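Visitor: sequence and predicted structure are below.
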Amino acid sequence: YPFDELIDQLDLPRDLSRNALFDVMVVLQNTGMGKGVLPTLDGLEVRAYEEVQTESSKFDLTFNFTEGTEGILLDLTYNSDIYSREMAERLCGHLERLLPAVCGSPDAPISELDYLSAAERKELLESFNDTAVAYPEEETLVSLFEAQAAQAPGSPALVFG
């Protein structure tokens, strides 16, 4: 079905800075060319296309999976206006840890599977939660509130809504 006709019939609001239907593309190249299996036709030589570095991304993220002799390879292309190289590498690491977890527990909800590295787990569970604050234990919440109000009388004491 022609893409332009689909967009016209869906009558979607157009923002030319974004793709009209999706932001993330997942591609699986499983033609066998990555495994050295090339189709043959009389008088025609077929070979794998030499990789070319692209300088721009058409989508926010493009996961391009290719079957190769070493298994399935991933080439991740990302919009550098949205994602940093570190974020893209972290995302690939999450996927690398998530896939064996899915294979090991295929019936488990994805939300229950572990995909964090040890460093990320420590950061989330320990570093981010290190919120202990020393305060005078003999004081009440009301007396601490009153003391803070006395230190900054012109500042808002409470904001709601």
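Guide: On my side now, so go ahead. Numbering: from 1, shown residues only.
Visitor: what lies in contact with stretch 128-146?
Guide: Around stretch 128-146, the neighbours that count as contacts under Cβ atoms under 8 Å, 6 or more residues apart in numbering are A147, A157. (C-beta placed from N, C-alpha, C; glycine too.)
Visitor: what's the first-to-last distance across that stretch?
Guide: The first residue of stretch 128-146 is 29 Å away from its last residue (Cα to Cα, to the nearest Å).
Visitor: just stretch 7-24 next, same as before
Guide: In terms of Cα to Cα, the two terminal residues of stretch 7-24 are separated by 17 Å.
Visitor: before we move on, what about stretch 41-57?
Guide: Counting by Cα to Cα, you get 34 Å between the two ends of stretch 41-57.
Visitor: what mean pLDDT does that stretch get?
Guide: On average, the pLDDT along stretch 41-57 is 69.
Visitor: oh, and call the first residue 15 from now on, that's how I've got it
Guide: Yep, numbering from 15; the last one is stretch 55-71 now.
Visitor: any low-confidence regions in this structure?
Guide: Low-confidence segments of the chain, defined by pLDDT under 70, are located at 46-54, 60-69.
Visitor: go with 50
Guide: Residues of the chain that meet the criterion pLDDT under 50 are absent altogether.
Visitor: show me which helix runs longest in it.
Guide: Scanning the chain for the helix with the most residues, using DSSP state H, yields helix 99-118.
Visitor: show me what that helix is packed against.
Guide: Helix 99-118 makes packing contacts with strand 85-92 when contacts are defined by 3 or more Cβ pairs under 8 Å, 6 or more residues apart in numbering; DSSP states H and E.
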